[in-house]
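Asks: Let's see this in three dimensions:
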Amino acid sequence: MKKLWALFVGIVVGAAVSICAGFVQGDRSFVLGHKIYYGVPLAVAIVVGVLVWLNRFFQSRLPGVGILLAWVLVTWQLSIETFSGDLGLMPAVNANGYLIAGSLCLGVAAAAPIFRPLQNEFVQPRYQSLQHGDESE
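Replies: Numbering: from 1, shown residues only. So this is what the prediction gives:
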């Protein structure tokens, strides 16, 4: 049941993050007359970061698979034309780069080994008592 829960969490979180990343990938900035498409690496880094964090949190690859599936479905839905003719992912160079970089990076991250769990640095260590039970004062 824990593995099914991890997959479900991966799909839900992956859908939410992928919707945001689908729109972030189109961000660009103009510097000295040049377009800088910073949205594609930012969107891919966000989705891959969430994937790696969930894999580490659940100590399983299933949340990563869920995020990968959600990313594919959301990206596919954003590239389909709506009834009013709107598109979430416009056919442009940065959208193609997002598809290629996203599929490669997410595929590698979903199949990568899982990092060790984080150790809590604020847990106080347990010290052995210096008093013995048979000694009296």
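Asks: State which helix of this protein is the longest.
Replies: Selection of the longest helix in the chain by residue count, based on DSSP state H, yields helix 2-24.
Asks: That one - contacts with which helices or strands?
Replies: If contacts are counted by 3 or more Cβ pairs under 8 Å, 6 or more residues apart in numbering; DSSP states H and E, helix 2-24 sits against helix 39-58, helix 62-78. C-betas here are computed from N, CA, C, even on glycine.
Asks: Deepest-packed of the ones you listed, please.
Replies: Scoring the helices and strands packed on helix 2-24 by mean neighbour count under mean count of other Cβ atoms under 10 Å gives helix 62-78 as the most buried, with a mean of 21.
Asks: contacting residues around that helix?
Replies: Identification of contacts with helix 62-78 by Cβ atoms under 8 Å, 6 or more residues apart in numbering yields 3, 6-15, 17-19, 21-22, 47, 50-52, 54-55, 57, 87-89, 98-99, 102-103, 106-107, 109-110.
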